[in-house]
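Engineer: Below are the sequence and a predicted model for it; my questions follow.
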Amino acid sequence: MESLEQIRDRLLARFPGASVTLVINPGAAAEHSLLLGAAHAVEMARFLRDDPALQLDYCSNATGLDWPDKEIVETKKLSVADPAGGPAKIVEEKTKRFEPGYLEAVYHLYSMALRHGPVIIRLRTGNRTDQVTLPSFTPIWRSCDFQEREIFDLFGIVFAGHPDLRRILMWDEFKDHPMRKDYVDPDDYEWEPTPHDRVLERAKAHYPVPPPAPAAPVSPTPEAKP
Amino acid sequence: MSAADLSPFNSPFAAGTAGPSVRAVKDPFHGDLLEVSMGPQHPSTHGVFRMVVTLDGEIIVKLKPVFGYLHRNHEKIAENTSYLGSMPYTDRLDYLCSMTTNWAYALAVEKLAGQAVPDRAQYLRIIMAELTRLVNHSCLVGFLFNDLGTSFTPLLYAFREREKILDLFESLTGSRMMCNYQRFGGCRVDPTPEWLAAASRLVDNFPRFLDEYETMLTGNEIMLARTQGVGVLDAAKAVNAGITGPCLRASGYNYDVRKVDGYGFYPRFDFRVPLGAHGDTYDRYMMRVLEMRESVKILQQAFRDLPAGPIMDPKSKLRGFRPKAGEAYGRTESPKGELGFFLVSDGSPNPYRYRVRPPTLINLTLLEDMCLGHTIADSVVILGSIDIVLGEVDR
Amino acid sequence: MNSSGLSLLSAHLPVAAAADGLLERLPLTLRDTFVQWFPAPTQWLLHHLISIVGILAIFGLFFAFTTVAERKLLGRLQNRLGPNRAGVPKFSFLPFHLKHKLFGLTQPFADAVKALTKEDIVPAAADKLLHFLAPVLVVAFSLLTFAVLPFGRNLIPVELDAALLYFFAAGSATELTIFMAGWASRNKYSLLSAMRALAQVISYELPLLLSVIPVVLVAGTLSTQEIVVAQGFWTFGLLPHWFIFTPWGAAGFLLFLVAALAESNRSPFDLPEAESELIAGHLTEYSGFKYALFFMAEYFGLTALSGLGVTLFLGGWQAPCAFLQFIPSYLWFMGKLVGMIVFFIWVRGTLLRLRIDQLTRLSWQFLVPLALINLGNAAFWALTGAWSGPLQIVRWAVSAALIVVPFVLMGRSLTRGQAPRTYRYAT
Amino acid sequence: MITLTFIALVTLAAAAVAMSQRNLIHSALLLVASWAGIAGFYLWAGAEFVAFAQILVYVGAVSMVVLFAVLLTRRSHAELAIAPASVKRILAAIVAGGAVLGALFGAVLSTPLASAAAPPPAISVKALGAQLLGRHTASVLLIAVLLTVALLGAVVIASTNSKEDAP
Amino acid sequence: MLGSGIIKGLAVTAKNFVGSYHDPARMVTEQYPEERPKLPEAYRNFPFLVTENATDPMGTLRCVACQICEKECPPQCIYIEKSKDKKPDATGKPQLYPAVFAIDTSVCMSCQICVEVCPFDAIKMDQVFEVAATNRFTGLLLNREQLAKPNSYFHQIHPTDAHEVDTRLAAERKAAEEKAKAAAAAKAAAAAAKPATPAPATATPAAPKPAAQPPTPPTA
């Protein structure tokens, strides 16, 4: 199979206006991926499927990813000359950079005909609030049908061109998207007998004083003797 | 209903809800269409799965699957638990084959962290995976005959064999179905020689049960009448719809992740992959039976040359396991199809994104296309032949 | 009429000798002594009342123990024990291994109590009158069919000249009750399933009747008692002249079995109560005692049909060999009846269920033509009654061919294109 | 005589109630009850064969046809009830009833009835069979042909109907 | 020939019917409450706390309330409150002990991860499966006293595992004593040589399990 760079170049040659960038995967698996611009994504995907050399006729997996807004704090060490002529002091100068978050859909494409490995393509939305539409790949690979509905249900990415975009796992009247990082699950509180760490903080909101520890003395509970 | 208007893209379901009815009402005697909701409490939907079926008398005109009754958002829980903490939860995904799901998860994490696995552990993983394949396929075959209408006899014969294998799992890992056996970099418990002897004895006379099963049912005229030509799945449509596993091979398409990826030590074993020709329910049933015979061959080879040595990679860390930032997609051939785990790590002990590629959910994509034009009794059998487990479908 | 086969070799053993054994006449003597105590004009009423009470008692218990036998036999077929936990309170002091040696014989009484105590829900929209009438009528009609079955040498409740016709008249009325049950429940699915049950019962009425007519043709009478008497000969005292041991008889018996299975909604044809159907067929809206009544009617129908099968093809109360006649005739009838019921249960434990269109196609395209051919075969058999010597072998051969050849040809056309397949492998 | 009057009363009552019922299904079922009453007449007269044939044919099969016909007529449930009686319909009913009654009485009175009730002739089914296929074979064959043609006609109509949309 | 498949099927069920009377492989029913099930040794259901001896359970708890199992438990069903004071454990070294140790067995899924990560072999898997309670909180919430079971019981249900744990612990205690003796001897020698510089306190006994890592701070 060709390397990702060759595929990117052929894609750029074939679709001059499109934006295709290589995304490096720093992990040990080293599975790098191609970030496709949303505009020409459908034609490029159809090309990937129908190109005789690639024949990526099987979309194994479609995943949603949520990258919330990030506050990147870079600390640079500066040596500031002390006006009073003293020794130059090292001052960390923090620059805050605000990176806008986005929602991402990752597709793992395989070729069953030529039996070669995953070509991973990614689509990114404008931002996490209003521009959340991406082109749907269901008309090209029907296996994305349920998976894209699941991404819509759990992440909120609206897939344009999907034949039947409805919630698949949550009930239809459910408003929020549970898999987003900033999702707050409803506080359906029930007395937690063994609360600690995160559960304890949430439980505290319901009773001022932490619950009295369960009674120490051996209560004659009907538990089974071995 | 000629074959053309049965193609996936203009079935009423695929074309939004108000699609053209597949069968136009022509003469007065045809009554109005009857909308029936089969499930989520229905004896033959293998769990809380619901099919909203539109009927014209007996013939199915439209079928809309409804999921989500067993959805517990396994992936969000995994994001708040450590890598090791999610391992027991993977048993609860496809609760019939916990070992293969454990292995798929361990494979993905080892790929993410670049973790090596000793030889003996690889062999043990193959032994456990093939034993689970026997468990799952005997379960499926039993339930398929239950849907076909026998009063539990083939199911109880299949369960009699399945129980023996589950007893082996219990004596090794401590629990029959929730084994929690694999770790990142190897296995948790080293089987004793007695266990290995008992397992190979069981595997040697497993074909005797299969022969008895085949003489009883494979040639049965009613079985042939009820399953041959029912729920035909075309290979090209199946590939496009991402159908994998025995359902795809029943349509004659040779794609088995064990052969294609060659993960674990599968290339060291010689076994064959059965292929169907017609892609109907009968072929899907036979795929499972023939795959059980192949699994017995693999197991015999594995027991013969199981190497000695450690079962856990010395560098593997039990707690405080922090893979470097990055992502990995590991896939294995689970008895139901291609089971994959896509993990994104950001260096913390909890995965940043934990995605399960559910073979059973994606195998249901073409359920409607297979059921159009058949009767309700057939739709129950077609659903049974696809072999779904709701733990994995709804996650 | 001894035109039955191999008459040349049969030695007419004295039949009457065994007829008056003490055990043989026991039920009759009991009845007569009891009837003596009452004034003359009411004696014929008592006579019939006793036979009615006898039938109800015996076959009531027979129904009870058939249900538990079915569950225990199915259990054994499936490598498990059947019900054995319904112990009798008095015996509960027994140690465990003894207590469970009751083999679950008390299970039917537990079921009866459960059925009686369950709440009897009548849907609001139901047609109250019909909803109540359906189970009553279905039990009445299926009990009526017991009137003509010859249980013993002269143990027949009603000696009718047109007994067979009476049997089928009473049997066919049950269709009406299925319709009433389906319609009265005012429930879409029960009406749909009632229509399917009707289609099944009506389309299997024909093969049932057609498979019985050859027996009438050869025996020359419609009365069940005379049919049993016509089978009362043995060659060499060993080979009984039951109709099943003739080619047309064997074919007729098989056809009768298949049609009886369908008529009583049993195993391969239990479509109305199948889970692949929507719900429990026309019995959906019944619960408690009414459901138990339908259940009882199904078993009475099953017992009556297998009783008829025993009478027509397995020589009713005739003993299999001449010297075995000292055993009272009614025990032979009961033995064969239990044998037939066990076969029905065995079939239920093994076979899959047919789809509704395959079921009706099997009846109209396979069973009815075969039954008609078998009728011709029986006519040939009756006409060639007088052949003797080598002609006997020719007669048997022709009769066998007349039935086997169409069976194989039609069987092949019925299952065209359906055969176990061989598979290729990819390494 | 008591049984005869009893059976007559049952049959007539069933027929009368059938007419007055508003629910069509109930009246159909009562019609079937009246057929069973007629079979009772045959039994009383000692002709068992005809009685059982009557039950087998009418109560078993024709009742199904009647009920299916009632079900399949595609009219909603409301119209199942009969329209309220209007004066014109009552007059017509009386005239028709009177004419039929007159014809019946005329026939009964004019036929010479034997004074003593003759003992019912003990005919066996065998003799009946011989009679049927003896002197009356022609009529039996004619009926047989008629029935086969009717059966084949039904099958042809049913099959053409379903050919258009068979998958 | 039509029907041959059905006849073969009937023959197989008949074989099973006859077999169920004499062939034990074909009669698998276990009449449960009267015939006790034969549990394999590795069977696990609900953890229990190991105490050295049965006489004084609370005194000889192995658990030192390090709360590793509380962090690693996937469904978070363990609740531990450390004790304020210390008491000497088996090797005589003063250790903390859990004032409160509660496991909510209605949440616990017996996955035995707590057993794997416990560096002190203080928690092991029990084999009790007949657990029916009318009230979820008092019946299924097992507190410290209900969880504590003696080491002899541990030997009874998991013989090989218990034997292996005991040998390892005994070996470590011996090693700890020798080190303590050596340290004491060294201290005595050092005291003799330089009474002024006290020897550093001996390191806490080597964590019995090599794989034990310092407990990582739980991330939010």
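Structural biologist: Done, it's in. Residues are numbered from 1 along each chain as shown, chains lettered A, B, ... in the order given.

Engineer: pLDDT of the helix ranked longest in chain D, averaged?
Structural biologist: Secondary structure of chain D read by DSSP state H shows that its longest helix is helix D:137-163. Throughout helix D:137-163, pLDDT has a mean value of 82.

Engineer: Grab the nearest non-local neighbour of the residue in chain B that chain A sits nearest to.
Structural biologist: Ranked by C-beta to the nearest C-beta, the top residue of chain B for proximity to chain A is B:Gly326, at 1.6 Å. In short, each C-beta sits where N, CA and C put it, glycine included. In space, not counting the residues next to it along the chain, B:Gly326 is nearest to A:Gly27; the distance is 1.6 Å by C-beta to C-beta, 6 or more residues apart in numbering or on different chains.

Engineer: Phi, psi for the one you found please.
Structural biologist: When read as degrees, to the nearest 10, the backbone of A:Gly27 gives phi -70, psi 180.

Engineer: tell me the SS of A:Trp171?
Structural biologist: coil (DSSP: H, G, I helix; E, B strand; the rest coil).

Engineer: show me what contacts it?
Structural biologist: B:Gly68 (C-beta atoms under 8 Å, 6 or more residues apart in numbering or on different chains).

Engineer: After the helix or strand that contains C:Ala262, which helix or strand is next?
Structural biologist: Using DSSP states H and E, C:Ala262 sits in helix C:247-263. Sequence order places helix C:289-313 as the next helix or strand after helix C:247-263, per DSSP H and E.

Engineer: Could you list every helix and strand that the longest helix of chain D packs against?
Structural biologist: In this structure, helix D:137-163 packs against no helix or strand, with contacts taken as 3 or more C-beta pairs under 8 Å, 6 or more residues apart in numbering or on different chains; DSSP states H and E.

Engineer: distance between that helix and the chain's centre?
Structural biologist: 21 Å (C-alpha atoms, centre = their mean, to the nearest Å).

Engineer: Next, name the residue at the spatial heart of chain E.
Structural biologist: For chain E, the residue nearest the mean C-alpha position is E:Lys124 (0.8 Å; C-alpha atoms, centre = their mean).

Engineer: Quick one, grab the pLDDT at the residue of chain B closest to chain A.
Structural biologist: In this prediction, B:Gly326 carries a pLDDT score of 92.

Engineer: Could you measure from it over to B:Arg183?
Structural biologist: 21 Å (C-beta to C-beta, to the nearest Å).

Engineer: Now do the same for A:Arg71: helix, strand or coil?
Structural biologist: Careful, residue A:71 is Glu and not Arg. Assigned by three-state DSSP, the conformation of A:Glu71 is strand.

Engineer: What is the burial count for it?
Structural biologist: A:Glu71 has 8 neighbours, counted by other C-beta atoms under 10 Å in any protein chain shown.

Engineer: residue contacts, whatever residue of chain D ends up closest to chain C?
Structural biologist: Going by C-beta to the nearest C-beta, chain C is nearest to D:Gly60 of chain D, at 3.1 Å. D:Gly60 sits next to C:Phe168, C:Ala169, C:Ser172, C:Ala173, C:Glu175, C:Leu176, C:Glu205 when contact means C-beta under 8 Å, 6+ apart.

Engineer: Regarding it, what is its secondary structure?
Structural biologist: Classification of D:Gly60 using three-state DSSP returns helix.

Engineer: how near is it to D:Thr3?
Structural biologist: Taking C-beta to C-beta, one finds D:Gly60 at 24 Å from D:Thr3.

Engineer: what sits against A:Thr165?
Structural biologist: Thr isn't right for residue A:165; it's Leu. By C-beta under 8 Å, 6+ apart, the residues touching A:Leu165 are A:Ser136, A:Glu148, A:Arg149, A:Phe152, A:Val158, A:Phe159.

Engineer: ok, the residue of chain B closest to chain A touching B:Leu112?
Structural biologist: Yes - the pair B:Gly326 / B:Leu112 is scored as a contact, 6.5 Å apart, by C-beta atoms under 8 Å.

Engineer: Settle it for me: which of those two has more neighbours?
Structural biologist: More crowded of B:Gly326 and B:Leu112, by other C-beta under 10 Å: B:Leu112, with 29 against 23.

Engineer: Would you mind naming the helix or strand containing the closest residue in space to that one that isn't next to it in sequence?
Structural biologist: Excluding the flanking residues, the one nearest B:Leu112 by C-beta to C-beta, 6+ apart is B:Ala328, at 3.9 Å. Using DSSP H and E, B:Ala328 falls within strand B:326-334.

Engineer: Next, the residue of chain C found nearest chain B: secondary structure please.
Structural biologist: Per C-beta to the nearest C-beta, the residue of chain C with the smallest distance to chain B is C:Arg353, at 2.7 Å. Assigned state for C:Arg353: coil (three-state reduction, three-state DSSP).

Engineer: which non-adjacent residue is nearest it?
Structural biologist: Distances taken as C-beta to C-beta, 6+ apart place B:Gly149 nearest to C:Arg353, at 2.7 Å, with adjacent residues excluded.

Engineer: That neighbour contacts C:Arg355, correct?
Structural biologist: No - shown here, B:Gly149 and C:Arg355 do not form a contact pair, counting by C-beta under 8 Å, at 9.4 Å.

Engineer: any idea how far the residue in the stretch 251-395 of chain B that chain E sits nearest to is from E:Ser20?
Structural biologist: Here the stretch 251-395 of chain B gets closest to chain E at one residue, B:Gly320, 4.7 Å apart by C-beta to the nearest C-beta. B:Gly320 sits at a distance of 55 Å from E:Ser20 (criterion: C-beta to C-beta).

Engineer: And for C:Leu26?
Structural biologist: For C:Leu26, the distance to E:Ser20 - C-beta to C-beta - is 37 Å.

Engineer: So between the two, which is more surrounded?
Structural biologist: E:Ser20 (21 against 13).
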